[in-house]
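Asker: quick one: sequence plus predicted model below, questions after.
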Amino acid sequence: LNPGSESQAFGHNNRRRSVASTRTFVLKASEAHTSDDFKLKDLPSSSGRLDVVCRCSIAALLDDLQIRKDSIFIGVLEGKPNAPLCLRLDGRELRMMPFSEIGMADMLRRILGGHYEHGREYAIPYWQGVSIERKSFAELLCSVLASNALHYLCEEGEDIRTADVDMKRDNVFVLGDQQGLTVQDEEILEKLGAKRISLGSLSYLSSQVITLVHDELDRRLSKT
Ligand SMILES: C[S@@+](CC[C@H](N)C(=O)[O-])C[C@H]1O[C@@H](n2cnc3c(N)ncnc32)[C@H](O)[C@@H]1O
């Protein structure tokens, strides 16, 4: 991608320079392809719904076309042919990222293509703040749990407006894609002590859920 392109967001939002804690959004993308074998012009059906991953990463990391320094997005890609892979975009380190779905998909295609072609599983040398590693959903959750508070976003949970979210801690929010989480995934979260948090009884799109969580936490921060 051309760093001068108008379709990318740069830098950080000055209002958030002093933020101490982070919000990590973990999307379990149960069919998202783990190679660059998809067509940008037919993203939903050719990529195992990587379009959901693209929209969620944009919702997690961009605010008014600037990169949020307080946010991390992790997509657990579980589709063919090289699953599982965890794609991590860290707003504290990213210096630029696309803000359109197609731009994001193009970036993912380069990342997944390089990874597959060169057989390098961990290094994304050309993109600061982006990493990819082989980890399952359960392994990822165990690794992020050490210093973070874990929350599972689902319709049946405590209302986010009153839920106990410690704004001084790093918080991790887990959500599903168009298929939602399986019973086994929910059991893993239960065992790890995740708190269920709800945005109400309506089922929202995954990217909308991320935006609504940001909104609630931003409101809380603005009152402190
Ligand atoms: C499009 S929804 C999944 C719909 C899927 N048919 C299901 O029953 O889970 C995507 C994800 O967003 C989250 N989500 C959707 N609505 C929510 C709500 N009202 N409160 C909290 N999380 C929600 C859940 O994690 C869900 O797996």
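Answerer: Cool, the structure landed.
Asker: point out where this structure drops to low pLDDT.
Answerer: Scanning the chain for pLDDT under 70 picks out the ranges 1-19, 115-126.
Asker: just give the nearest non-adjacent residue to the residue nearest the centre of it, would you?
Answerer: Computing the C-alpha centroid of the chain and ranking residues by C-alpha atoms, centre = their mean puts Phe73 first, at 2.8 Å. Leaving aside its chain neighbours, Phe73 sits nearest to Ala60 (3.9 Å; criterion: C-beta to C-beta, 6 or more residues apart in numbering). Every residue, glycine included, has its C-beta placed from N, CA and C.
Asker: would you mind listing what in the chain touches the ligand?
Answerer: Taking C-beta under 6 Å from any ligand atom as the criterion, the chain approaches the ligand at residues 153-155, 175-176, 178, 180-181, 198-200, 202-206, 209.
Asker: could you turn the buried ones of those residues into a ChimeraX selection?
Answerer: To isolate the buried members of the residues of the chain next to the ligand in ChimeraX, using 16 or more other C-beta atoms under 10 Å:
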select :153,154,175,176,181,198,199,206,209
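Asker: the residues of the chain next to the ligand in helices, which ones?
Answerer: Mapping the residues of the chain next to the ligand onto helices (DSSP state H) picks out 206, 209.
Asker: give the contact list for Asp177.
Answerer: By C-beta atoms under 8 Å, 6 or more residues apart in numbering, the contact set of Asp177 is 27-32, 49, 52-53, 206.
Asker: taking the residues you listed, tell me the two that lie furthest apart.
Answerer: Largest separation among the contacts of Asp177 by C-beta to C-beta: Glu31 and Ser206, giving 13.2 Å.
Asker: can you give me the buried ones in the strand ranked longest in the chain?
Answerer: Longest strand in the chain, counting residues (DSSP state E): strand 148-159. For strand 148-159, burial by neighbour count (16+ other C-beta under 10 Å) applies to 148-154, 157.
Asker: repeat for stretch 88-98
Answerer: Neighbour-count burial for stretch 88-98 flags 88-91, 94, 96-98 (criterion: 16+ other C-beta under 10 Å).
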